[in-house]
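**Q** Structure of the sequence below:
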Amino acid sequence: MTGSAPPGLLRPRALRPGDLVVIASLSGPLLAAYEPDLEQAVVVLERMGFRVRRAPLLDAGRRRWWSAATPAEIAAELNALLRDPEVRAIVAHDGGQTVLGYLDLIDVEAVAADPKPILGYSDISLLHLVLHARTGLVGFHADLATPGLGAAWQRAPAERRAELERLYSALLTGTESIGPLPTSASWECWRPGRAEGPLIGGVINRIALVQATRWALPLERFDGAVLFWEETGGLASYVWSYLHVLRHAGILDRISGMVVGVPHAIDGLDRPDASPTLPEIVLDVLGDRDIPVLGGVEFGHSGANLPMPVGVRVGLDAHERTLSLLEPAARVHGRGPVGCVHDGPAT
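**A** Sure thing, here's the model as predicted:
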């Protein structure tokens with residue numbers, strides 16, 4: 001990507017009733033104990049009006065080390081789904097530790113020829129970031145099937161489930177901007193201000209990792225961007241270190257705002273022994289960079305996810321605790337062959 005113009009924003013075409021959505025093991029395996037959660041995820045997607053199919057590797061008990069299969073096998077299945085014109089969206093069953101193993105095996109031309117929504121977070125952040133860097137594809141940083149649609153959604157209050165279902169359906173099938181995402185009491189202003197720019201982000205450890213590969217996002221893609229990130233596991237000091245990686249890379253000098261998800265299972269946060277809070281860590285690394293920071297937003301590992309479409313322009317007002325999607329994530333499906341054109345250079 002170095003020395004070349006970045007690709008424009010590549011939106012998939014909006015889904016329609018009856019379209020085929022495939023749930024696939026893009027990283028971790030399906031444990032038999034979570035089969036009921038997967039079945040419930042199918043129910044949720046069908047209630048949205050889609051046909052649902054499982055990809056062959058999504059088979060309870062199938063595994064290779066910490067993965068559903070070898071990286072080459074997973075890549076082959078993903079590429080088959082990308083090339084299949086009947087498949088209109090792909091939902092990752094779970095996260096894991098495998099996507100780094102097949103970043104070089106993805107059929108990028110198939111993505112460009114027929115862009116499709118790929119939904120997921122955690123390890124799937126790598127797919128969103130790399131495909132956005134290479135093709136401009138809008139990545140749907142949204143709930144995974146098994147731990148998300150099938151589990152976290154079912155534990156949420158009925159009103160929240162209905163709200164999320166309407167939101168996901170509108171994002172996948174609509175061609176108008178969503179506007180403000182639903183807020184909650186967990187949203188906090190860590191530094192006031194307003195910003196407007198494309199959403200870029202994912203799990204913070206995956207952002208740092210992908211920037212160490214040849215598939216790194218060019219720094220220009222962070223110009224004016226609203227960086228969103230979350231983290232699960234590890235130590236509070238790791239988060240501080242990852243943020244410093246982004247600082248040393250020059251990313252924090254380019255972004256216009258930051259949105260931080262609810263932390264999950266991070267050792268060392270908010271302890272009574274004078275350990276720092278997450279806002280303290282973030283503001284310590286940002287230093288005198290005067291950008292708005294909104295924290296406690298529900299995306300990532302802590303529960304049912306709000307969708308964060310990578311590449312889509314958003315408006316952030318940290319003081320008012322609002323985050324608005326200013327443009328659609330999908331586009332109208334025109335006549336002729338399936339596929340989309342770029343919207344022009346991404347900003």
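
**Q** In stretch 240-252, which residues are buried?
**A** W240, Y242, L243, V245, L246, A249, I251, L252 (16 or more other Cβ atoms under 10 Å). C-beta coordinates here come from the backbone N, C-alpha and C atoms, glycine included.

**Q** ditto for stretch 204-222
**A** 204-211, 215-217, 221-222.

**Q** Quick one: the strands in the chain, in order.
**A** Secondary structure of the chain, counting by DSSP state E: strands at 20-24, 51-54, 87-92, 118-120, 139-141, 179-180, 188-191, 194-203, 226-230, 257-261, 293-297, 308-310, 313-317, 322-325.

**Q** for the protein, which spans come out with low pLDDT?
**A** 1-6, 270-274, 333-347 (pLDDT under 70).

**Q** how's it carved up into domains?
**A** Domain assignment for the chain, taken from automatic domain parsing, gives 20-173, 179-325.

**Q** Now those domains in JSON lines, please, with extra columns for distance to R331.
**A** Shown next, in JSON lines, are the domains of the chain (distance: least, Cβ to Cβ, whole Å):
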{"stretch": "domain 20-173", "distance to R331": "9"}
{"stretch": "domain 179-325", "distance to R331": "12"}
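
**Q** Among the buried residues of stretch 240-252, which are located in helices?
**A** Judged by DSSP state H, helices contain the following of the buried residues of stretch 240-252: W240, Y242, L243, V245, L246.

**Q** What's the local residue count around V282?
**A** As a burial measure, V282 scores 20 neighbours (other Cβ atoms under 10 Å).

**Q** and what of the one 3 residues further on?
**A** Residues contacting V285 under the criterion other Cβ under 10 Å number 18.

**Q** Could you pull up the residues touching the closest residue to it other than its chain neighbours?
**A** Nearest residue to V285 in three dimensions, chain neighbours excluded: L243, at 4.1 Å (Cβ to Cβ, 6 or more residues apart in numbering). When the contact criterion is Cβ atoms under 8 Å, 6 or more residues apart in numbering, the partners of L243 are I204, L252, I281, V282, V285.

**Q** just checking, what's the longest helix in this protein?
**A** In the chain, assigned by DSSP H, the helix with the most residues is helix 158-173.
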